[in-house]
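K.L.:
need a structure here:
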Amino acid sequence: MKKFVITAILFISWELNAQVALPTFQGVQSVPEPPLYSFSSHTFTNCGQTGRTGPTLANCKSSYSTTWENDTDLFN
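P.N.:
Coordinates of the predicted model:
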């Protein structure tokens with residue numbers, strides 16, 4: 001009986017040690033890369049048009065009146 005108790009205690013302590021000794025990788029963090037472009041908020045609308053065909057490109061250009069649409073580097 002004494003041998004069984006000692007064996008059980010050794011086995012349990014070995015199992016606990018194995019569980020505690022496992023790496024958790026909780027301290028590993030990656031550094032986020034900086035964004036390619038600076039972003040701001042933009043809300044898409046129907047440009048005041050409804051119906052089956054929706055707005056034209058000219059409707060949307062005049063509704064949004066953006067300056068970034070002329071910068072072709074953003075689209076290449």
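K.L.:
need the residue closest to the centroid of the chain.
P.N.:
Computing the C-alpha centroid of the chain and ranking residues by CA atoms, centre = their mean puts Pro32 first, at 10.5 Å.
K.L.:
what is the end-to-end distance of stretch 50-59?
P.N.:
11 Å (CA to CA, to the nearest Å).
K.L.:
check the offset of it from the chain's centre.
P.N.:
Chain-centre distance of stretch 50-59: 34 Å, with CA atoms, centre = their mean, to the nearest Å.
K.L.:
tell me which residues are up against it.
P.N.:
Asn46, Cys47, Gly48, Gln49, Ser63 (CB atoms under 8 Å, 6 or more residues apart in numbering). The way it works is simple: take the backbone N, C-alpha and C, and place the C-beta from them, glycine included.
K.L.:
now the buried members of the residues you listed.
P.N.:
The neighbour-count test (16 or more other CB atoms under 10 Å) marks Cys47 as buried among these.
K.L.:
strands along this protein, start to end?
P.N.:
Using DSSP state E, the chain contains no strands.
K.L.:
no further queries at this time; thank you.
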